[in-house]
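**Student:** Pasting the sequence and the predicted model now:
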Amino acid sequence: MLLLIAVVAAASGGRDSDVSPVIVAAHDLTPGSRLTSSDVTTTQADPAVIPAGAITDPSALIDSTVTGPVRSGEMLTGSRVLSSRLPIELLGRPDARLVPVKLSDTAIVELLREGDVVDVLSINDSNGDQSVRAATVLVKNAVVALVSEPAQIRRTDGSRLALLAMPERDAHTVASATLASPITVVFH
């Protein structure tokens, strides 16, 4: 839709100086896809319809990973691809980091979508008694950056991973907690 608006706006302007280059998807892209030069193309659009953070250099996207579904002709922004800049863009904080998390209930991963805001909890046994479990909130307001597709992860247990953006200090806490106890999330 944005591409159509851009084309109409560019055509009605009548002057080439009223358009700017922008990178769009050459075809539909699926989450987790690693971008190649055949996945993107450059087009001209009216600057008024180009979103903030739109990518103008195709080489900046090569080998980046798509974070969510992208339709053919959709303008690509930094928040649509996984790069070292993505956690900062998702949280608006320079200390943002990404943490891969395997959730204790695999059905929850089916509900997660890129951009969801979640709280991350660890589940601890009280005195080794499985019937009594206490939860500890590890981080609030983490943002889902990527949810792995079943075919992308070849784990022996069939589980999938979620990549969560959070502040650096929380990222270290969550990463270490995933080694010791089950992890779950609460949706906002």
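**Tutor:** Looks like it arrived, so ask away. Please read these numbers as outputs of a predicted model, since none were measured by experiment.

**Student:** and the closest residue to Ile50 other than its chain neighbours, what does it touch?
**Tutor:** Counting by CB to CB, 6 or more residues apart in numbering, Val22 is the residue found nearest to Ile50 once chain neighbours are left out, at 5.3 Å. Placement of C-beta: from N, CA and C, glycine included. Neighbouring residues of Val22 by CB atoms under 8 Å, 6 or more residues apart in numbering: Ala6, Thr42, Thr43, Gln44, Ala45, Ile50, Ala54, Ile55, Thr56, Met75.

**Student:** Go through those and flag which are in strands.
**Tutor:** Within the contacts of Val22, residues falling in strands by DSSP state E are Thr42, Thr43, Gln44, Ala45.

**Student:** so the third one makes contact with Pro21?
**Tutor:** Okay, so that is Gln44. Yes. Using CB atoms under 8 Å, Gln44 is in contact with Pro21, at 6.1 Å.

**Student:** I'd like to know which elements the longest strand along the chain is packed against.
**Tutor:** Ranked by residue count and defined by DSSP E, the top strand of the chain is strand 129-147. Contact analysis of strand 129-147 by 3 or more CB pairs under 8 Å, 6 or more residues apart in numbering; DSSP states H and E lists helix 86-91, strand 117-126, strand 161-167, helix 168-180, strand 183-187 as its packing neighbours.

**Student:** residues making contact with the second one?
**Tutor:** In other words, strand 117-126. 101, 104, 112, 132-144, 164, 166, 170, 174, 177, 180-188.

**Student:** now do the shortest one
**Tutor:** The set of residues external to strand 183-187 that reach it, using CB under 8 Å, 6+ apart, is 101-105, 108, 111-112, 116-123, 135, 138, 142, 162, 174, 177.

**Student:** Drop the exposed ones from those and show what's left.
**Tutor:** With burial judged by 16 or more other CB atoms under 10 Å, the buried subset of the contacts of strand 183-187 is 101-104, 108, 112, 116, 118-122, 138, 142, 162, 174, 177.

**Student:** residue contacts, the closest residue to Glu168 other than its chain neighbours?
**Tutor:** Once flanking residues are discounted, Glu168 sits nearest to Asp95: 4.2 Å by CB to CB, 6+ apart. Shown in contact with Asp95 (CB under 8 Å, 6+ apart): Pro167, Glu168, Arg169.

**Student:** Relative to Pro21, how far out is the most centrally placed residue in the chain?
**Tutor:** The centroid of the chain falls nearest to Ala145 when counting by CA atoms, centre = their mean (2.7 Å). Taking CB to CB, to the nearest Å as the measure, Ala145 falls 27 Å from Pro21.

**Student:** do Ala45 as well
**Tutor:** Ala45 is 8 Å from Pro21, by CB to CB.

**Student:** Please identify which of these two sits among more neighbours.
**Tutor:** Regarding Ala45 and Pro21, a neighbour count based on other CB atoms under 10 Å identifies Ala45 as having more, with 22 against 14.

**Student:** Thanks again, I'm all set now.
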